[in-house]
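Trainee: Give me the fold of what follows.
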Amino acid sequence: MIFDHAGNEVAKHKLEHEQIMPQAGWVEHSPLEIWDRTQTVIAATLAKHDLDAKDLDSIGITNQRETTVVWNKKTGRPYYNAIVWQDTRTDRIASALEREGKGDVIRRKAGLPPATYFSGGKIKWMLDNVKGVRAAAESGDAIFGNTDTWLLWNLTGGTDGGVHVTDVTNASRTMLMDLETLDWDDELLSFFDIPRSMLPEIRPSSDPNFYGTTLRRGPVGGEVPLSGDLGDQQAATVGQVCFSPGEAKNTYGTGNFMLLNTGEELVRSKAGLLTTVGYKFGDSKPIYALEGSIAVTGSAVQWLRDQLGIISGASEIERLASQVKDTGGMYFVPAFSGLFAPYWRSDARGAIVGMSRFNTNAHLARATLESICYQSKDVSDAMEKDSGVELEVLKVDGGVTANDLCMQLQSDILGVPVSKPVVAETTALGAAYAAGLATGFWKNTDELRSNWNEDKRWDPEWSDDERAEGYAGWQKAVKRTLDWVDVD
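Mentor: Numbers count the residues shown, from 1 in each chain. Below you'll find the model as predicted:
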């Protein structure tokens, strides 16, 4: 996506890539396919709008955090598919850390619970299970990165001098970085038996010194600064201009992610949330955030489309769900990868409950939309407990915000207005903002605030009793998903 100084979309091109699921609980991507698609969308966007490198001020990258790539720095070949954030194969690694008393150290230093979600366990799994990776890591040939690092390395030359860097937001999602020092921590590395030499250099999210420049022979076709890098949810927080403590946003993508800016204060959650780095601009102090991460929301809609076949496209779910006025007592808890915030239960699995002969595929479609909204309420309530700040308006972005019914349900279930900006793709916009702040394309965050405009607002229509009754049913449904898988 290309944006102008006013934050307007100038051009875009997008392609899906394959979701690889070799067995239950395993989710993978092909790093080579992602790099190939990245090159294609860059070239196609520029060509479609008759643009070239000289028209670009700078480039920012945003990525699915935690998704883990290990590759050979001499050949550029991945040793294995990328292990995706949703993958649960590392549940024994996570439970062993907890059992051995290391969980509290990880929470204190990294702000995260031991969970299958984060990169550290995925790296360890590759080191222990993929032939040749441990030896290559110890010799310095095997290196790790989340998808941002993999793309930055390739865009800046790959085997011919590619930079091996990440930013503080991505590093904060590994269970390997100390939130106070903003550096890899030797004690945490020892928990996973990961050689420090595998890890990228940690840099600011917006870097006036640039991570590097694109290559003339690459897809951009010229030397353009790569100066912005943010994990996707932090990028959306920047794109939604949540720059003041107490401001929050919710992004609806494959999963849902609600972030609350806590400023320079590192708030340690007592209610099942994550403490994470929100962003770091240049030499300024890091800004921290509380985050509620939900594993399956938009991907539940994909499940209806791809696995059940009850809709032909994601946009069709609104039409189907609108055929009924409620779910007919049905609840769908899509705990396909266990439950993330605020429960952190890897033993949970998906459940559809409350069904009777009366229920139809329309009720299931509506229950799927409600599940997105109820999971967000779980997180919102936890944020209020941790921060003492009561939500007044929820800023929303991401693909599901195109679904009017889902956003109305979100307002009804939360009991607060829901506000969507003109530019819904705030994740990409936030990466652009980080890049442009580094080069001076934007002078400061005040300029970015002036770009934000509301497109649509949904106000609550449910009564307090309807809201309380619906949420009580959801909480009963969640309990039915627990203790389904035996975790050692």
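
Trainee: Mind naming the longest helix for the protein?
Mentor: Longest helix in the chain by number of residues (criterion: DSSP state H): helix 361-387.

Trainee: And the pLDDT at the residue of the chain most remote from its centre?
Mentor: With C-alpha atoms, centre = their mean as the measure, the chain has its most outlying C-alpha, relative to the mean C-alpha position, at R357: 37.7 Å. We note a pLDDT of 94 for R357 in this prediction.

Trainee: okay, now V10: neighbour count?
Mentor: When neighbours are counted by other C-beta atoms under 10 Å, V10 registers 12. Any C-beta I mention is one placed from the backbone N, CA and C, and that applies to glycine too.

Trainee: what's the spacing between the residue farthest from the centre of the chain and K385?
Mentor: Look at R357 and K385: by C-beta to C-beta, to the nearest Å, they are 40 Å apart.

Trainee: Which residue ranges of the stretch 51-200 of the chain form helices?
Mentor: For the stretch 51-200 of the chain, applying DSSP state H, counting those that start in this stretch gives helices covering 91-99, 103-110, 119-129, 133-139, 147-155, 168-171, 186-192.

Trainee: for those, which one sits closest to W458?
Mentor: Ranking the helices of the stretch 51-200 of the chain by distance to W458, with C-beta to C-beta as the measure, places helix 168-171 first at 29.1 Å.

Trainee: Show residues contacting the closest one.
Mentor: Contact with helix 168-171 is made by 63, 65, 146, 148-149, 177, 182, 184, 200, 202-205, 229-231, 234, 276-280, 286, as judged by C-beta atoms under 8 Å, 6 or more residues apart in numbering.

Trainee: mind checking how far that helix is from the chain centre?
Mentor: Put simply, helix 168-171 sits 12 Å off its chain's centre (C-alpha atoms, centre = their mean, to the nearest Å).

Trainee: then it to PDB, C-alphas only?
Mentor: Listed in PDB are the C-alpha atoms of helix 168-171, where the atom choice follows Å, rounded to 0.1, in the frame of the first residue of the first chain:
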ATOM      1  CA  VAL A 168      11.400  -3.600  19.500                       C
ATOM      2  CA  THR A 169       7.800  -4.400  19.000                       C
ATOM      3  CA  ASN A 170       8.500  -7.700  17.200                       C
ATOM      4  CA  ALA A 171      11.300  -8.500  19.600                       C
END
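
Trainee: circling back to that earlier point, quick one: mean pLDDT for the longest helix of the chain?
Mentor: What helix 361-387 shows for mean pLDDT is 94.

Trainee: Give me the buried positions along it.
Mentor: Neighbour-count burial for helix 361-387, counted by 16 or more other C-beta atoms under 10 Å, picks out 361-383, 386-387.

Trainee: continuing past it, what's the next helix or strand?
Mentor: Using DSSP states H and E, the helix or strand that follows helix 361-387 in sequence is strand 394-397.

Trainee: That next one: partners in the sheet, and parallel or antiparallel?
Mentor: Take DSSP bridges as the rule and strand 394-397 pairs in its sheet with strand 248-252 (parallel), strand 418-421 (parallel).

Trainee: and the ones you listed, which is most packed in?
Mentor: By mean neighbour count, with neighbours taken as mean count of other C-beta atoms under 10 Å, strand 248-252 ranks first of the strands paired with strand 394-397 at a mean of 27.

Trainee: Give me the contacts around that strand.
Mentor: Where contact means C-beta under 8 Å, 6+ apart, the residues beyond strand 248-252 that reach it are 232-233, 236-237, 240, 242, 256-261, 297-298, 372, 376, 383, 391, 394-401, 406, 426-427.

Trainee: Point out where the chain drops to low pLDDT.
Mentor: Low-confidence segments of the chain, defined by pLDDT under 70: 487-488.

Trainee: ok, back up a step: can you list the strands paired with strand 394-397 in TSV and add distance to T38?
Mentor: What follows is the strands paired with strand 394-397, written out as TSV (distance: least, C-beta to C-beta, whole Å):
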stretch	distance to T38
strand 248-252	21
strand 418-421	26
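
Trainee: out of everything not next to it in sequence, what's closest to I202?
Mentor: Counting by C-beta to C-beta, 6 or more residues apart in numbering, A171 is the residue found nearest to I202 once chain neighbours are left out, at 4.7 Å.

Trainee: Compute the number of surrounding residues for that neighbour.
Mentor: That count, for A171 with other C-beta under 10 Å as the rule, works out to 28.

Trainee: Repeat that for R196.
Mentor: Using other C-beta under 10 Å, R196 is surrounded by 10 other residues.

Trainee: Now do the contacts for it.
Mentor: Taking C-beta under 8 Å, 6+ apart, we find R196 in contact with W184, D186, L189.

Trainee: wait, the first one sits on M177?
Mentor: Yes - with contact defined as C-beta atoms under 8 Å, W184 reaches M177; the gap is 5.9 Å.

Trainee: Between these two, point out the one with more neighbours.
Mentor: For W184 and M177, the more surrounded residue by other C-beta under 10 Å is M177, and the numbers stand at 27 against 19.

Trainee: Contacts only, for E461.
Mentor: Q408, S411, D412.

Trainee: again, but for G158
Mentor: G158 sits next to G76 when contact means C-beta under 8 Å, 6+ apart.

Trainee: likewise D347?
Mentor: Neighbouring residues of D347 by C-beta under 8 Å, 6+ apart: G338, L482, D483, W484, V485, D486, V487.

Trainee: re earlier: hang on, the residue farthest from the centre of the chain is in a strand, isn't it?
Mentor: No - when classified by DSSP: H, G, I helix; E, B strand; the rest coil, R357 is found to be coil rather than part of a strand.

Trainee: correct me, but L273 touches M383?
Mentor: Yes - using C-beta under 8 Å, L273 and M383 qualify as a contacting pair, with a distance of 6.5 Å.

Trainee: Find the residues that touch each one of those two.
Mentor: Jointly contacting L273 and M383 under the rule C-beta under 8 Å, 6+ apart are L290, G292.

Trainee: Pretty sure L304 sits in a helix.
Mentor: Yes - according to three-state DSSP, the state of L304 is that of a helix.

Trainee: Pull the number of nearby residues for it.
Mentor: Look at L304: counted by other C-beta under 10 Å, it has 21 neighbours.

Trainee: cool, the one 3 residues further on as well?
Mentor: Burial of Q307, expressed as a neighbour count using other C-beta under 10 Å, amounts to 8.

Trainee: How about G145?
Mentor: Under the neighbour criterion other C-beta under 10 Å, G145 is assigned a count of 26.

Trainee: One more: G120?
Mentor: Neighbour tally, G120, other C-beta under 10 Å: 29.

Trainee: next one: V105
Mentor: Neighbours of V105 under the rule other C-beta under 10 Å: 15.

Trainee: And for R268?
Mentor: R268 sits with 12 neighbouring residues when counted by other C-beta under 10 Å.

Trainee: same check, this time on D178
Mentor: Counted by other C-beta under 10 Å, the residues lying close to D178 total 18.

Trainee: do the same with E392
Mentor: Taking other C-beta under 10 Å as the criterion, the count of residues near E392 is 9.

Trainee: shouldn't it be in contact with V418?
Mentor: No - with contact taken as C-beta under 8 Å, E392 and V418 are classed as non-touching, separated by 11.4 Å.

Trainee: picking up where we left off before, let's see if you can find the most crowded of the contacts of E461.
Mentor: Looking at those with neighbours defined as other C-beta under 10 Å, the largest count falls to S411 at 22 neighbours.
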